[in-house]
Structure formats: structure tokens, C-alpha cells
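S.K.: Predicted model follows, preceded by the sequence.
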Protein chains: 6
Amino acid sequence: MNERILEHDNQVVRRFFALDTQTYREGALNLKTKELLGLVASLVLRCDDCISYHIAQCREAGVNRDEFFEAFSVGLVVGGSIVIPHLRRAVDFLDQLETMPA
Amino acid sequence: MNERILEHDNQVVRRFFALDTQTYREGALNLKTKELLGLVASLVLRCDDCISYHIAQCREAGVNRDEFFEAFSVGLVVGGSIVIPHLRRAVDFLDQLETMPA
Amino acid sequence: MNERILEHDNQVVRRFFALDTQTYREGALNLKTKELLGLVASLVLRCDDCISYHIAQCREAGVNRDEFFEAFSVGLVVGGSIVIPHLRRAVDFLDQLETMPA
Amino acid sequence: MNERILEHDNQVVRRFFALDTQTYREGALNLKTKELLGLVASLVLRCDDCISYHIAQCREAGVNRDEFFEAFSVGLVVGGSIVIPHLRRAVDFLDQLETMPA
Amino acid sequence: MNERILEHDNQVVRRFFALDTQTYREGALNLKTKELLGLVASLVLRCDDCISYHIAQCREAGVNRDEFFEAFSVGLVVGGSIVIPHLRRAVDFLDQLETMPA
Amino acid sequence: MNERILEHDNQVVRRFFALDTQTYREGALNLKTKELLGLVASLVLRCDDCISYHIAQCREAGVNRDEFFEAFSVGLVVGGSIVIPHLRRAVDFLDQLETMPA
């Protein structure tokens, strides 16, 4: 789907997508920390697709289950009970990832 | 001001405040990472007081200027240009902290 | 699903869930009023799962159809037309509840 | 200020303001409940001016301090710690109202 | 579904729906501009149903693909990467509309 | 203040600021329409600084008072009564601009 968006010749949209990728590159903060930042930002803004994406990225970056739950706890306390349905789907998605063969 | 809130005998409010403190304690994730999570969550939800609070906490936890700007960049890209006025005030607050004697 | 979240040993998450339950207990405000507050908060924050949950709780607490629509009207006016798709699903859910045998 | 907005001949804006007033009129739900709904909606959407307005209206409708704190607790738990700075200002405003002669 | 909402005798809800319709009528700003405003507002508030509705209205008002992408780019930059999943569905919906016979 | 942000060597932040400027350039949509889109997006996201900025830009692009109020009406109806305090400040700012010598 991203391809269909990017094939349209709109430079602002294309540059935004490039910038989005660049944002999570290893720098002063390591990849794992940056992906955790993206995850918690997605949780408090309550975007399921974004949450799943960052969970997958975090997992590749080596985030373990205890660390995931601590990140979830920050998102839950900052964002409130309105985050709970998204947290449910987040844990469900994480459980699915963990049962898949590496 | 927190005192005036907590002196009222409402157990839910009191417990929430206690839970909020507990959330940022060192655990599977270290203090610095947790405070950075709180900072980026506050940025994308655009709460100036929360941003200032977490900048001060991050600074005590040893976050340096490069790391701050990388955290800011995640908040800016996830949250969009609507974050910019808050980012201005965040950088202004950070500048003030850095000119204060330790 | 809540069980799977709570079986993980994260005290902040567990305490938040306990606090969430405690919040809606009868107190200075009665149960019905508190559930209506939860419903309107969910409407303006536009969380379908939360809306359905509080509609069911309100109904058990004795909220009738006229009262539901007045609560909906507050959510709609405070939150704006962006609430409309959620209001549609809310009314649909309420209609389903009302056709179920008690 | 409302006068300056309403003196401009825009029918949608004028009708919205009239509808906003109508929303909180006594109906199937009483005035007190409706103002509490407006207060909690304003808390979770984090609008200080709206919070102060509904606190004043609630007080006129007879909401007491215990009831205020229970309404605050719902707003705090649903909306999360990001609500705290607004809660501080809400309690401060309530304290001011309570020290004013009736 | 709107019918089921409107058949209930709640004047605030009915008036809000009438006002919502009136908002997008040709006036000092033409219909196309107003629908584009509704579209970008829906994008940054991230409501898929509202986005689809305004895309269909914009298309009837003569908005072409380049114009759509420029409106999307404003929504993306103001609202940030959290808008991306909604932008994907928006482009998907637009593609479907464009393949349908007029 | 932007200068102080941009003098720090963070490429993501700098590129975001450049992209933000590029977004409102005349293209398939004219400057006036794009600034109106930015204004309504800022209204529904309730950012006073962003609203003032886009009001000033809209004014330079030739938006007249009737057009401003129609844009405001879209923001008000989409975003709800929670937008009202921001609308007050918006009209106040517009009044100030209009009394300044060109």
C-alpha cells in the first residue's frame, strides 16, 4: 500500500515517508530505545497499526517481554484507561509474534 | 499543589498519584529510558507541564543534548507539526536548565 | 484477554486495572452517574470498545433510552461531528442490547 | 468575547452556540448530572477554560467537594496522568470558588 | 443508521445533524474548499469513516488526484506519522472510487 | 526560537521544519486554500500558536472575514464545543490584525 502512496508524485508525502524511516535509525539513542519511544507514542495516541508495527520492530531490536510490559505500563498510566482496548490488542499481537518460529 | 489534591480523602486519586510515581522506577527498563518514554508520550499529547517535568527528570537521569534532540525528533515526526510550539518551549526549558548551576 | 495481561507480573499494569474497577464504585456519586461519566468520556475520546462497555454498564445501572440520548448529546456537542461514526455504533450496540432477553 | 463572535453574521457558528447552551438544560437527566458530564468530558479533552466553566456550573447546580473529586477521579483514570496538570488547575479554581462569598 | 439516531426524539442530536449538513453548504467559501477542510480535519483527528465520507464529497465537488494528495500532505505534516495508517486507507478508498463507473 | 532549535545538529528535526515550510507552497491547490487547511487542522487539534500563525498567513493570502468565519465554523462543528475557547482567542487575534495598519 505504501507503494501506491509513493508512486504518486507528491514530494511532501514522499519526503515525510523518508523522514519517518530516518527517525528510528541508531544515533545518540540506540535503535531499541527509539523503537520503544515510537511504541509508547503510538500507545498514547491509540493507533493499533502503529502499535503493532513498533512491537514488531522492538522485538527485532531485542526488547523482551518484561521490557514490553514496562513500556506498556508507561503508555497506560500516561494515556489512561482509554488505552486498555489497544493494550489488549497489543498483548495479543505480541503473543502471536512469540509463538511464531524465528 | 499536589498536596492540596492529596489531602482530600479520595482514594482513587491518591492511588493514581502513587501509581504514577511507581511507573518510572528502575525495572527491566532503566530510569533513563523510562523518563524518555514519559517525555515523548508528553510531547505527542502536547502537555507543556508534563514535557518540562520529564525534561528535568531525564536530565537528572543523565540524558544529554543529542539524546534529547533525538527523543524530540521522534515526538515531532509521530505527532506532526502541531507539536512544534511545544518543542519550542521544550528547547527553551532545556536551555534554561543547562545554564543553571548544577 | 484481560487475564492474559494480568498474568504477566507487572505491578503497575495490575494496579491500574484494579484502580479502573474501583473508579466506578458507588460513592458520593451513585453508580449510574459514574457510568454515565465513563460513557461520555469514552465518546469524546472516541473509543468504540470503551463506549460499548460503558453502555452495557449504564444499562445494568438503570439508564433508560432518553437518558442515553441526553448523554450522547453531551458527547456529540462537546466532541463534535467527529464523534458521529462512534455515535452510530453506540446506538447500534444499544439497540442490540435492548432486543436481547433480560 | 462571545458577543464579538456572535455579532458576525455566521449562522452555523450562532446555531452551534445556541445548541451548546441547550445541551445542558434539565431533561431526562438533571442539570447536575449534565454539568458533571460536561466537566469530565472537558477534563479528558484537557481544556482548562472548559473545565473552569463546568466547575462553576456544577457548583451552582449543587455539586459538593466529594462529588467533584469523584468526577475528577473518573477523568483522571480515563484520561491518564496527562490530565494531572489540568486537575491541579481545576482544584485550584475550585478552592478559589469555595473561598468566595456566595 | 442516521435514521435510527434521528427517529429518537432528542432535539440536540437532531439539530446537531442538521447543523453538520449546513456547515458544508456553498457560501463565502465554495463547496470544494469546504469539503477539503472537512477532509483534512478528519485526517488529523484520524477518523476513517469521516475521511471516506469527505473523500467522496470532495470527488463529487471536482477535487482531482493531485489536489487530494496535496490535502493529504497537509494532514500528514500537521498530524504526523500517526496519520499514515489512515492515509493508506484513504488512498485505498480513493482508488476504489476512481475505478468505479461514474 | 526556531533558530535555536535548528542550530542543533539534528537532521530529522531540520528536515521536518523544511518539510513544514514546503507543505504550504502553491501547487495543485493554491496558497489560500492550503493555509485554510492548516488553519482548520490547527483549530480541531486546538493549538493556539498554530491557529494564530495560520490566521496571519491566511490574511496575507487574502482570506476575508466571511471566509475566516466559514473556516471557523467547519472547525467548530467537526471539533465540537471544546474548540470554543480557541475560537475566542482566534477571533481576538484576527480583530487585532485587522486594526493594525497594513
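M.R.: Right, received. Where do you want to start? Numbering: from 1, shown residues only, chains lettered A, B, ... in the order given.
S.K.: Please make it C-alpha for all contacts and neighbour counts, starting now.
M.R.: OK.
S.K.: what does chain A put close to chain B?
M.R.: Counting by C-alpha under 8 Å from any C-alpha of the partner chain, chain A comes close to chain B at A:19-20, A:23-24, A:27-29, A:33-34, A:36-38, A:40-42, A:44-45, A:66-67, A:70-71, A:73-75, A:77-78.
S.K.: which ones among those residues are found in helices?
M.R.: Residues of those located in helices (DSSP state H): A:19-20, A:23, A:33-34, A:36-38, A:40-42, A:44-45, A:66-67, A:70-71, A:73-75, A:77-78.
S.K.: List buried residues within those.
M.R.: A:19-20, A:23, A:33-34, A:36-38, A:40-42, A:44-45, A:67, A:70-71, A:73-75, A:77-78 (16 or more other C-alpha atoms under 10 Å in any protein chain shown).
S.K.: contacts with chain D among the residues you listed, please.
M.R.: Answer for those near chain D (C-alpha under 8 Å from any C-alpha): A:77-78.
S.K.: Run through the residues of chain A sitting next to chain C.
M.R.: Proximity of chain A to chain C (C-alpha under 8 Å from any C-alpha) is limited to residues A:66, A:69-70, A:72-73, A:76-77, A:81-82, A:85, A:88, A:91-92.
S.K.: Which neighbouring elements make contact with the helix or strand bottoming out on mean pLDDT in chain A?
M.R.: Every helix and strand in chain A was compared by mean pLDDT, DSSP states H and E; the lowest is helix A:2-7, with a mean of 87. Applying 3 or more C-alpha pairs under 8 Å, 6 or more residues apart in numbering or on different chains; DSSP states H and E, one finds that helix A:2-7 contacts helix E:84-99.
S.K.: neighbours of the closest residue to chain D within chain A, just the number please.
M.R.: Closest approach between chain A and chain D, counting by C-alpha to the nearest C-alpha: residue A:80, at 3.4 Å. By other C-alpha atoms under 10 Å in any protein chain shown, 24 other residues sit near residue A:80.
S.K.: any idea how far the closest residue in space to residue A:41 that isn't next to it in sequence is from residue A:74?
M.R.: Once flanking residues are discounted, residue A:41 sits nearest to residue B:41: 5.0 Å by C-alpha to C-alpha, 6 or more residues apart in numbering or on different chains. Per C-alpha to C-alpha, to the nearest Å, residue B:41 is found 9 Å from residue A:74.
S.K.: Find the centremost residue of chain A, please.
M.R.: residue A:54 (2.0 Å; C-alpha atoms, centre = their mean).
S.K.: Residue A:39 is in contact with that one, correct?
M.R.: Yes. Assessed by C-alpha atoms under 8 Å, residue A:54 is found in contact with residue A:39 at 5.1 Å.
S.K.: what's residue A:47 in contact with, if anything?
M.R.: Contacts were defined as C-alpha atoms under 8 Å, 6 or more residues apart in numbering or on different chains; by that measure residue A:47 touches A:86, E:82.
S.K.: and the residue of chain A nearest chain E?
M.R.: Closest point on chain A to chain E, by C-alpha to the nearest C-alpha, is residue A:13, at 5.5 Å.
S.K.: Can you tell me the closest non-neighbouring residue to that residue?
M.R.: The nearest residue in space to residue A:13 (C-alpha to C-alpha, 6+ apart) is residue E:73, at 5.5 Å.
S.K.: quick revisit: per-residue confidence at the residue nearest to residue A:41?
M.R.: According to the prediction, residue B:41 has pLDDT 98.
S.K.: Residue A:37 is in contact with residue B:35, isn't it?
M.R.: No. Taking contacts as C-alpha under 8 Å, residue A:37 lies outside contact range of residue B:35: 10.3 Å.
S.K.: hang on, the earlier thing: so for the residue nearest to the centre of chain A, what pLDDT did the model give?
M.R.: pLDDT at residue A:54 comes out at 98.
S.K.: Show me which residues of the helix or strand hosting it are buried.
M.R.: Take DSSP states H and E as the rule and residue A:54 turns out to sit in helix A:48-60. Neighbour-count burial for helix A:48-60 flags A:48-52, A:54-59 (criterion: 16+ other C-alpha under 10 Å).
S.K.: Can you name the residues that contact residue A:73?
M.R.: With contacts defined as C-alpha under 8 Å, 6+ apart, residue A:73 is in contact with B:23, C:10, C:12-13.
S.K.: May I see those organised as CSV, with distance to residue E:5 added?
M.R.: Below are the contacts of residue A:73 laid out as CSV (distance: C-alpha to C-alpha, whole Å):
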residue, distance to residue E:5
B:23, 42
C:10, 42
C:12, 40
C:13, 37
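S.K.: Max pairwise distance over those residues: which two?
M.R.: B:23 and C:10 (10.2 Å; C-alpha to C-alpha).
S.K.: Now for those two: what residues contact both?
M.R.: A:70, A:73.
S.K.: got the end-to-end distance for stretch A:1-17?
M.R.: Its first and final residues considered, stretch A:1-17 spans 13 Å by C-alpha to C-alpha.
S.K.: what do you get for stretch A:22-31?
M.R.: One end of stretch A:22-31 to the other measures 11 Å (C-alpha to C-alpha).
S.K.: Flag every buried residue along that stretch.
M.R.: By neighbour count on 16+ other C-alpha under 10 Å, the buried set for stretch A:22-31 is A:23-24, A:28-29, A:31.
S.K.: out of those residues, who's nearest chain C?
M.R.: Using C-alpha to the nearest C-alpha, residue A:31 comes nearest to chain C of the buried residues of stretch A:22-31, at 24.1 Å.
S.K.: contacting residues around residue A:61?
M.R.: Residues in contact with residue A:61 (C-alpha under 8 Å, 6+ apart) are A:31-32, A:35.
S.K.: go again using 7 Å as the cut-off
M.R.: By C-alpha atoms under 7 Å, 6 or more residues apart in numbering or on different chains, the contact set of residue A:61 is A:31-32.
S.K.: how far away is it from residue A:35?
M.R.: Distance, residue A:61 to residue A:35, by C-alpha to C-alpha: 8 Å.
S.K.: swap in residue A:88?
M.R.: Separation of residue A:88 from residue A:35 (C-alpha to C-alpha): 20 Å.
S.K.: Pick out whichever of those two has more residues nearby.
M.R.: Set residue A:88 next to residue A:35 and count neighbours by other C-alpha under 10 Å: residue A:35 wins out with 26 against 16.
S.K.: List the buried residues of the least confident helix or strand of chain A.
M.R.: Across helix A:2-7, burial judged by 16+ other C-alpha under 10 Å covers residue A:5.
S.K.: Just the CA trace of that helix, in PDB.
M.R.: C-alpha atoms of helix A:2-7 as PDB (Å, rounded to 0.1, in the frame of the first residue of the first chain):
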ATOM      1  CA  ASN A   2       2.900   2.400   0.800                       C
ATOM      2  CA  GLU A   3       4.000   1.800  -2.800                       C
ATOM      3  CA  ARG A   4       0.700   3.100  -4.100                       C
ATOM      4  CA  ILE A   5       1.000   6.200  -2.000                       C
ATOM      5  CA  LEU A   6       4.600   6.800  -3.000                       C
ATOM      6  CA  GLU A   7       4.100   6.200  -6.700                       C
END
